[in-house]
Structure formats: structure tokens, C-alpha cells
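[1] starting from these lines, generate the structure:
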Amino acid sequence: MSSTHELIPIVRQEEPCLRGGPHGQDQASPKQPTWYNRILFGWWTLELISMSAALGLFVGLCLVLGSFDNKSITSWPDNPFFTTLQSCVHFISTGIRITMLVPVAAAIGQLKWHHIRNPRPVTELHSYDSASRGIFGSAVLLFSRNIRCVCHILCTYDPKSEHNLLMSHPPTNLDVYFRKPVALGCVIVIGSLFLGTFIQNTVVVLSSDKFLGKGADAKLPIAYTFNTINPLSSKTHPEQSGTTTAMLASIMYGWSYYEDVDREALSLSPSQVYVPFPVNCSTSHCTWGPVNTLSVGSKCIPMNWADHDETIISLPKKTAYNMTSQNNIPRSSVNLKDSALPTLLYIAAAGYVNDTTPEAEIEAVECIMYWKVQRYSKTSLTGHIWSETREKMSIQTLSPDRDGDIIMITESSRDCPNSDNANCPRNFTVTKEANSGLQNTLQNMFNGSMIEQPGNDDDDNDLTPDDHYTELLWQTWIQMKERHEKPLNYTMNAYIINIAVSIRNSIRSQSDQAYWASGTVISHEPYFAFRKKYLLYPGCMLALSLFFVLATIIWTRESQPWKNSVYPYIYANDVQGPKINKNGAPQGLAMMDLAAGDDLINLKDHHDGQGTVLRQME
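    Predicted coordinates:
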């Protein structure tokens with residue numbers, strides 16, 4: 001063999017062997033390995049045990065995942081070592097990888113000795129040995145030789161020549177490692193890098209809606225009648241009776257969006273980040289089915305001031321803005337006179353867009369607030385998010401009845417299929433007294449003007465409001481002039497909508513609890529989900545590993561099972577010099593392990609011309 005492939009010689013320092021004399025004459029009877037040493041080291045017992053452990057861990061993993069599939073995360077027992085199911089799965093995946101690679105590495109090492117039964121370069125011995133010890137060595141053994149071979153063929157290929165490397169060395173005769181059994185072992189070692197990732201992907205935590213039964217409470221206020229008035233004002237001034245303090249506070253809350261009226265947070269959005277009225281919900285998530293409830297609607301329509309000046313609302317001299325309201329729609333109304341809606345309040349407003357001189361710059365609008373029945377097909381509370389799904393209603397309006405009350409009746413065939421259902425009453429009533437008291441309160445808010453008053457400077461005039469409500473609305477209108485084409489119409493519409501929704505919420509919040517709608521209490525409960533498809537990869541890896549190990553055992557059954565041990569380098573070395581125990585050297589791995597316990601070696605240079613070599617020490 002050429003000197004470029006020489007192994008480091010092992011030189012005896014003084015004696016030919018430690019336990020035997022020269023020419024194989026033993027000075028004492030050689031030691032014999034015990035029976036369990038022969039079983040563990042003399043064959044593939046440890047590797048098969050390790051492979052069985054890997055399969056057992058895989059089965060255990062499947063059992064653990066199956067037992068906690070669709071179970072709540074609270075079902076995982078308290079454990080100081082495995083605090084979660086994921087930590088347990090990670091531990092099992094690590095164990096599977098270790099126990100799987102032990103026999104695979106031994107099989108690659110065994111193929112190394114099988115490979116050099118024929119003359120081979122020492123570099124191949126080194127490549128096989130490196131492959132049995134890690135991912136990098138396996139990648140080098142699997143790809144380096146093949147890449148060099150394929151690149152060399154492609155670079156030297158000439159289709160016009162009959163004598164090229166591809167023709168003289170066709171692929172069927174290429175000595176590439178892909179065609180050798182060790183390639184499967186290298187693939188397994190490299191593929192084990194992704195084993196833990198796939199196994200950990202089998203467990204996910206999802207959240208489900210669990211419907212709670214007995215003991216859960218989900219109550220939603222609905223209003224089928226409005227009959228509350230201010231008891232003090234009704235006794236002292238019956239003709240000027242007002243609404244309740246709670247209703248007044250709700251109306252003022254709707255008026256409070258004067259600085260950010262674009263939000264319209266109380267009205268148009270189907271979901272909002274606050275609960276508009278008190279509800280009973282045992283958890284933070286409840287749902288309710290279809291409910292019908294008394295409500296207030298609104299709409300605003302712009303007017304052409306040039307055609308209808310002074311017929312609906314006037315702008316007296318030095319009045320920059322004027323707003324008036326009444327209980328019924330006047331006959332002079334431009335767009336609402338034919339409306340059959342049960343009116344709560346009619347409002348008209350007009351004002352100069354820029355200043356108080358050119359009449360062409362006047363903008364006017366008329367609005368109406370009216371009673372209605374609102375149907376919600378679904379209502380839900382999720383955490384702090386409140387959501388309502390509205391539907392249109394078909395009602396028959398009787399306004400007024402003989403007592404002056406407003407009565408609205410829904411069509412039972414569609415809107416209330418079960419007339420006995422408390423969630424879906426058919427008759428909705430607004431009493432005369434309650435309607436009158438609310439009208440009086442609203443008229444006080446929607447009657448006002450901005451009038452010019454002499455200012456401190458002779459050239460300037462100041463605008464003075466009649467009340468704070470008018471002043472707030474005026475400030476909002478000024479802000480909207482730069483944002484909208486019809487700022488007064490937009491401002492009035494936003495105010496009317498917000499106040500209408502505030503009235504609706506106040507009525508529902510004061511509803512008698514005996515008529516609250518029942519809903520469903522839902523608990524968002526996280527649970528473990530078992531994704532079986534991610535077990536396909538580790539299952540295939542284990543199957544390939546078992547096949548590779550068993551095939552190696554059968555294929556190399558006539559050879560000594562040296563596997564990836566370093567003992568053969570010491571005791572079976574006959575390259576460039578004597579080996580330890582040359583006379584009667586141990587052959588089996590069990591005998592080598594026994595001898596290794598007594599023999600001493602040292603990597604040293606004795607300046608005897610042999611260099612730094614392994615030397616046997618006495």
C-alpha cells in the first residue's frame with residue numbers, strides 16, 4: 001500500500017505483549033469475557049435493544065398524544081419535570097432520536113469494515129468512520145464523492161466524441177455512494193435532524209366554544225314598553241313633564257361626541273368595544289338568538305333654502321345658526337310630510353356656511369327621530385367586544401290608540417313565530433306620558449341659535465349661543481366645514497343618530513328583568529389537538545432505521561461485529577509495524593474490550609526514527 005495511505009503504526013516499547021510471551025507462549029491462562037459481556041459486545045444486542053427502545057418510545061408517544069387529544073389543557077397533571085404536554089413530547093422526541101441513531105451509527109461503522117475487505121484508499125475508511133459519528137460526516141460521505149463524479153462527467157462530456165467519459169463509464173457502472181447500502185444510513189442520520197420538529201408539530205393548542213349548562217347565566221335586556229317619566233316634574237308641572245334622570249344622562253352622553261363626531265361610536269358600527277347596557281353573562285362570552293326590542297330610529301335630509309325659506313325655519317337678523325324642534329312633522333316639511341312613522345321629535349336647522357350675509361351660502365336640514373321595533377338576529381359578547389346583527393322589521397303601527405299611546409305590532413308569521421317566546425314579544429308600547437316627557441326634554445336641547453353680539457372690537461362681532469347644547473353642536477359644525485360638502489347635514493345626522501342610540505340603550509337598561517331574553521353562555525377553553533399527519537415522518541424514519549440495521553446485520557453476518565468501535569484499529573492493525581498482542585490477538589469485540597482493560601498505550605515520540613506513534617506500555 002502506498003505511503004499516502006499509511007496508518008499510524010503501533011509500536012511495542014519493550015515487551016511483545018502484556019499477557020503473553022513471544023511466539024504465542026502464554027505465561028498465564030488468558031482471561032475470558034463473561035457471558036453478558038459476550039452478549040452485549042460480541043453481537044448486536046445493545047443495538048437491537050436501543051432500536052426496540054426507539055420503537056417503544058414512538059408507541060408511547062402515540063399513546064400519550066391519543067390520551068390527551070381534544071382534552072383541555074387543564075387536564076395535564078401537575079408535574080415538576082414535565083409542566084406541559086409539549087415539554088413531555090420534546091423529551092420523548094429526543095429519546096427517539098438518540099435510541100434510533102445508536103444502532104444506525106453502529107451499522108454504518110460495520111459497513112466500514114465490510115467495505116475495506118477489498119483494497120480501498122484510507123480516505124474511504126476515514127469517510128465511513130466520520131459518517132458513523134455525526135451529521136456532517138454523513139453529508140460528506142453521501143454527497144462529496146457523488147458531486148465530484150457527476151461534475152467531472154458533465155464537464156468532460158462531448159456529444160460528438162465517441163470516446164468520452166459518459167460512454168466509457170456509463171452511470172450503471174459508476175462507483176457512486178448512492179448505490180451503496182451506507183447511503184441509506186447517511187440519509188437516516190441527516191434526516192434525524194428534523195425528527196424533533198415533526199414530532200413537536202403533532203401537538204397544537206386550539207380554543208373551542210364550550211356551551212355551559214346548569215348554573216350558567218346569560219340574560220339580555222329587551223324592551224317592549226316605555227312608560228317611565230320624571231315623577232317630580234310630572235307632579236309640579238304636568239304640562240312640562242320631563243324624562244327620568246337616567247334617560248337624561250344617556251342623552252347627554254350621546255351629545256358628548258361633539259369633538260369627535262366622526263366616530264359615531266354609538267350607532268353605525270356592528271361591533272364596538274363597550275357593552276351599551278347591563279347584561280348578565282357568567283363568563284366573558286355569551287350569545288343570544290333573535291330578539292325584538294323597542295328602539296328609536298332617525299334620519300336627516302338636506303333642504304334647499306332658496307325654495308323653502310321661512311316656511312320651516314327662519315334665520316332672523318344677526319342669527320348665524322338657528323335650530324328648532326316640535327313633536328310632529330309640520331305640513332310644510334319638504335321631505336318628511338308624507339312619513340307615517342310614529343314621531344318622537346322633528347328637528348329643523350339652518351345656518352350660514354361662511355358668514356351672515358350671502359343667502360346663497362345658507363345650508364338647511366330637517367331631521368326626524370321616530371319610534372320603531374328593531375330585530376337583532378344575533379347578539380354576542382366576546383370579552384369586551386359587543387356585536388349586534390340587525391334585521392328589518394315589518395310592523396303595523398297604531399298611533400295613537402284611545403289612550404294616546406303608541407302601539408306597534410309585529411307580524412307573528414315572520415318576526416315572532418312563537419308568540420309565547422319572551423325573547424320575541426309581539427306588542428310594543430310607548431305610553432303617552434313617557435313619550436311627552438321625552439319630547440319635552442329633547443325640545444329643550446334642540447331649540448337654540450347663535451346670535452351676533454357686539455364684540456370688544458368695533459369691527460368684530462361675537463357669536464353668543466342660547467345654551468350649551470347649541471354651542472357644542474355649533475363647534476362640531478365648524479369642524480365639519482373643512483371635511484364634508486354638506487357639513488350641517490352631516491353634523492345633525494351624527495348627533496341625531498348618537499342620541500337615538502343612547503335613548504334605545506337607556507330604555508333597554510331600565511327594562512324589567514322578568515322580560516330579559518335568555519341566551520347561551522360559552523366558555524373559550526383551550527385544548528390539545530393531535531395532528532396525526534406529522535407522525536408520518538418519524539414513523540418512516542424508524543421503519544427505515546429498523547430495515548437498515550437488520551439488513552446490515554444479515555449482510556455482514558459472516559464478519560466480526562466490530563461496528564464503530566476503535567478497538568480494531570488497535571488490536572487488528574497490521575499496517576507498517578506490529579500490532580499489540582500480535583501473537584494471539586483478540587478478534588471478537590468482547591475479547592478486545594477485555595484486553596483493553598489491561599493494555600496501556602501512549603502517543604509519544606521516542607526519537608527512534610519512527611516518529612509520534614501509539615506505543616504499548618508495560
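[2] straight-line length of stretch 320-331, end to end?
    Stretch 320-331 has an end-to-end distance of 25 Å (Cα to Cα, to the nearest Å).
[3] in it, what's buried?
    320, 321, 322, 323, 324, 325, 329 (16 or more other Cβ atoms under 10 Å). (Glycine included, C-beta is placed from N, CA and C.)
[4] repeat for stretch 45-65
    By neighbour count on 16+ other Cβ under 10 Å, the buried set for stretch 45-65 is 47, 50, 51, 53, 54, 55, 57, 58, 61, 64, 65.
[5] contacting residues for the nearest residue in space to the last one that is not next to it in sequence?
    So the one you mean is residue 65. Excluding the flanking residues, the one nearest residue 65 by Cβ to Cβ, 6 or more residues apart in numbering is residue 530, at 4.6 Å. Counting by Cβ atoms under 8 Å, 6 or more residues apart in numbering, residue 530 makes contact with 65, 66, 68, 69, 70, 202, 203.
[6] hang on, the first one in a helix?
    Okay, so that is residue 65. Yes - counting by DSSP: H, G, I helix; E, B strand; the rest coil, one finds residue 65 located in a helix.
[7] quick one: pLDDT of it?
    As predicted, residue 65 sits at a pLDDT of 92.
[8] quick check: it vs residue 88, distance?
    Here the criterion is Cβ to Cβ, to the nearest Å. By it, residue 65 lies 10 Å from residue 88.
[9] same check on the last one?
    Residue 203 sits 9 Å away from residue 88, taking Cβ to Cβ as the criterion.
[10] please apply the same query to residue 447.
    For residue 447, the distance to residue 88 - Cβ to Cβ - is 73 Å.
[11] do residue 438 as well
    Counting by Cβ to Cβ, the gap from residue 438 to residue 88 is 64 Å.
[12] can you pull out the helices in the stretch 101-250 of the chain?
    122-131, 135-139, 145-156, 165-168, 182-191, 195-200, 231-236, 245-255 (DSSP state H, counting those that start in this stretch).
[13] lowest mean pLDDT across those helices, which one is that?
    helix 165-168 (a mean of 46).
[14] re the thing from before, tell me which two of the buried residues of stretch 45-65 sit farthest apart.
    Comparing all pairs in the buried residues of stretch 45-65 by Cβ to Cβ, the longest separation belongs to 47 and 65, at 27.3 Å.
[15] low-confidence bits of the stretch 201-350 of the chain, can you list those?
    Low-confidence segments of the stretch 201-350 of the chain, defined by pLDDT under 70: 209-216, 231-241, 258-273, 306-311, 337-339.
[16] got the buried residues for stretch 483-491?
    486, 487, 488, 489, 490, 491.
[17] reformat the residues you listed as CSV; add distance to residue 546 and pLDDT.
    What follows is the buried residues of stretch 483-491, written out as CSV (distance: Cβ to Cβ, whole Å; pLDDT from 0 to 100):
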residue, distance to residue 546, pLDDT
486, 80, 86
487, 80, 87
488, 83, 88
489, 80, 88
490, 76, 88
491, 79, 88
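[18] returning to what we had before: and the contacts of residue 530, which of them are in strands?
    Among the contacts of residue 530, the members found in strands (DSSP state E) are residue 203.
[19] so can I have TSV of the contacts of residue 530 showing distance to residue 385?
    Shown next, in TSV, are the contacts of residue 530 (distance: Cβ to Cβ, whole Å):
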residue	distance to residue 385
65	34
66	36
68	31
69	30
70	27
202	33
203	29
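[20] just the buried ones from the contacts of residue 530, in PyMOL syntax?
    Those of the contacts of residue 530 that count as buried under 16+ other Cβ under 10 Å are selected in PyMOL with:
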select buried, resi 65+68+202+203
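[21] of the contacts of residue 530, just say which sits nearest to residue 334.
    residue 70 (63.7 Å).
[22] is it true that that closest one touches residue 526?
    No - contact criterion Cβ atoms under 8 Å: residue 70 and residue 526 do not qualify, at 11.5 Å.
[23] which residue is nearest the middle of this protein?
    Closest to where the C-alpha atoms of the chain average out (Cα atoms, centre = their mean) is residue 206, at 8.7 Å.
[24] give me the beta-bridge partners of it?
    The residues listed as beta-bridge partners of residue 206 by DSSP bridges are residue 527.
[25] who are the contact partners of it?
    Shown in contact with residue 206 (Cβ under 8 Å, 6+ apart): 526, 527, 529.
[26] for PyMOL, what selects the buried ones among those?
    Here is the PyMOL selection string for the buried members of these, based on 16+ other Cβ under 10 Å:
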select buried, resi 527+529
